[in-house]
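Undergrad: Here is my input; please provide its structure:
(chains A and B)
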Amino acid sequence: MKAIEKYIEALKKCDNKALAETFAIDGTLRDYCPNSTGRQEYHVYGREAIDMFFKNKFTFRQYLISDAEIVNDTQAEFVASIGGYYVMAIATVRRVDENGLITRLTVRPK
Amino acid sequence: MGVYVVTGGSSGIGAAAVEILKKDGHEVINVDLKNGDICANLATQEGRDAAIAAIYERCQDGLDGIICNAGVSGNCGNLELVISLNYFGTVRLARGLYDLLKKKAGSVVVTVSNTISQGTGRMDIVDLLNNVGDEQRIRNIVKNLDANNQTVGQAIYMATKYALARWVRRVSASWAANGVRVNAVAPGNVRTAMTDSLSDAAKFAVSALPIPVRYGSDALMDPEEIAESMKFLLSKAARGVNGIILFTDGGTDALLNSEKVY
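TA: As a prediction, the model looks like this:
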């Protein structure tokens, strides 16, 4: 399973632990989609932070995805629900380490 | 040594603050509903007036500082109490003691909450608190809300804390110009009687506000950690610090709001 697929599976299941495990220990996630909903974008640095951050978002149902589609080896599209607002998003795995773990991932509005 | 007032000093963060200040040799007056040096109900104007009168009686030379900490959670089932104690119990008391604070160039520390950064509060209530300040009218408004709905309770609780933080920011300049610094501490989720008494659902919600310095455990912040921040803000070491909200939450706010630079 490629990193982008693991990332999408974890998001679909709202599994913060699995999501964090797709990232390298110092992996970063940058999500610009919240800007489209009047919120500040997400910049989450490090595996533990990703775990904690998404525990919060998933528990309070502040970040959900639907209609996900893998586009290619590094990209996927989905509809993100951010605090109840919908954004068509495209996630891109920018870099992975030698173990296939994500070191940099960006999510932008499509 | 100084003379300090702590509200809600009989338990939790307040009790830790009383202990830490006393350990440093200060005189501390605990104002609380029960077991206080001054027993007063700060949720009522009569109680606040009585507390202020008693403090004036005891501290005629002035006050070095007050920690306004008394409050209840949004799950207490009484939204009027949340409004009257959390917000008015602080600002009316602080205003009532202002002249005593000016005498000694004292300092005010207000307890808010890191929930202020979660964005789930009722901003209309915040505006009413800060801009109208009519306690009875606001009580009448929240009386009609569902006090047993946890989401509603949390939204009103957060509104009182947000309004307190904004009050700190608004008054800090003029009060500092008169020698009185005003700051707030925003604790993360702290182990107190309030958090011990939460329902299972509320405890689950609390666990979803992760505390980075406690990563990997379910432990909450200790009251002493918050009290140490309060002590710092009251101290001369913080003489240049005014009008800030000091997040003492182990990094929760930074985790969830990294782009917000206050």
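
Undergrad: Quick one: the strands in the chain, in order.
TA: This is for chain A. A:23-31, A:42-45, A:63-70, A:75-82, A:85-96, A:102-109 (DSSP state E).

Undergrad: let's do chain B instead
TA: B:3-7, B:27-32, B:38-39, B:65-68, B:107-111, B:181-187, B:245-248.

Undergrad: So for chain A, which of the ones you listed sits nearest?
TA: For the strands of chain B, proximity to chain A was assessed by Cβ to the nearest Cβ; strand B:245-248 is nearest, at 15.4 Å. Quick note: C-beta positions are derived from backbone N, CA and C, even for glycine.

Undergrad: how close does the residue of chain A most remote from its centre sit to B:S73?
TA: Centroid-distance maximum for chain A: A:E98 at 20.2 Å, with Cα atoms, centre = their mean. In this structure, A:E98 and B:S73 are 49 Å apart, going by Cβ to Cβ, to the nearest Å.

Undergrad: count of neighbours near B:C76?
TA: Using other Cβ atoms under 10 Å in any protein chain shown, B:C76 has 16 neighbouring residues.

Undergrad: which residues does it contact?
TA: B:82, B:153 (Cβ atoms under 8 Å, 6 or more residues apart in numbering or on different chains).

Undergrad: Also B:R122?
TA: B:155-156, B:158-159.

Undergrad: just to revisit the earlier point, nearest to B:L209 among the strands of chain B would be which one?
TA: B:L209 lies closest to strand B:181-187 among the strands of chain B, at 11.3 Å (Cβ to Cβ).

Undergrad: Run the angle between that closest one and strand B:107-111 for me.
TA: 20 degrees (axes from the mean of the first three to the mean of the last three Cα atoms, to 10 degrees).

Undergrad: Contact partners for the closest residue to B:V142 other than its chain neighbours?
TA: In space, and not counting its chain neighbours, B:V142 is closest to B:L79: 4.1 Å by Cβ to Cβ, 6 or more residues apart in numbering or on different chains. The contact partners of B:L79, by Cβ under 8 Å, 6+ apart, come to B:142-143, B:145, B:147, B:152-153, B:156.

Undergrad: what is the residue sitting nearest the centre point of chain B paired to in the beta sheet?
TA: Nearest residue to the geometric centre of chain B (Cα atoms, centre = their mean): B:T111, 2.4 Å. Under the criterion DSSP bridges, B:T111 forms beta bridges with B:V185.

Undergrad: on that earlier part again, possible to save the contacts of B:R122 as JSON lines with pLDDT and distance to B:V213?
TA: Formatted as JSON lines, the contacts of B:R122 follow (pLDDT from 0 to 100; distance: Cβ to Cβ, whole Å):
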{"residue": "B:A155", "pLDDT": "92", "distance to B:V213": "27"}
{"residue": "B:I156", "pLDDT": "95", "distance to B:V213": "29"}
{"residue": "B:M158", "pLDDT": "93", "distance to B:V213": "23"}
{"residue": "B:A159", "pLDDT": "95", "distance to B:V213": "28"}
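
Undergrad: Go back to those residues and keep what's next to chain A.
TA: When the contacts of B:R122 are checked against chain A using Cβ under 8 Å from any Cβ of the partner chain, none falls in range.

Undergrad: Tell me the pLDDT of the nearest residue to B:L220 once chain neighbours are set aside.
TA: Of all residues not flanking B:L220 in the chain, B:R191 sits nearest, at 4.3 Å (Cβ to Cβ, 6+ apart). Predicted confidence (pLDDT) for B:R191: 86.

Undergrad: Might one say that B:R191 is in contact with B:D218?
TA: No. Between B:R191 and B:D218 there is no contact under Cβ atoms under 8 Å: 10.5 Å.

Undergrad: And the two? Which one has more around it.
TA: Ranked by neighbour count (other Cβ under 10 Å), B:R191 and B:D218 place B:R191 first, with 14 against 9.

Undergrad: show me what contacts the residue nearest to B:L220?
TA: B:219-223.

Undergrad: same check, this time on B:N178
TA: Counting by Cβ under 8 Å, 6+ apart, B:N178 has contacts B:K102.

Undergrad: B:P212 too?
TA: A:48-49, A:52, B:250-252, B:254-255.

Undergrad: Tabulate these (a markdown table), appending neighbour count and pLDDT.
TA: Output for the contacts of B:P212, formatted as a markdown table (neighbours: other Cβ atoms under 10 Å in any protein chain shown; pLDDT from 0 to 100):
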| residue | neighbour count | pLDDT |
| --- | --- | --- |
| A:E48 | 17 | 96 |
| A:A49 | 23 | 94 |
| A:M52 | 26 | 95 |
| B:G250 | 22 | 96 |
| B:G251 | 18 | 95 |
| B:T252 | 27 | 94 |
| B:A254 | 14 | 94 |
| B:L255 | 22 | 95 |
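
Undergrad: got those residues as a markdown table, with distance to A:Y42 columns?
TA: Shown next, in a markdown table, are the contacts of B:P212 (distance: Cβ to Cβ, whole Å):
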| residue | distance to A:Y42 |
| --- | --- |
| A:E48 | 15 |
| A:A49 | 10 |
| A:M52 | 12 |
| B:G250 | 20 |
| B:G251 | 16 |
| B:T252 | 15 |
| B:A254 | 13 |
| B:L255 | 10 |
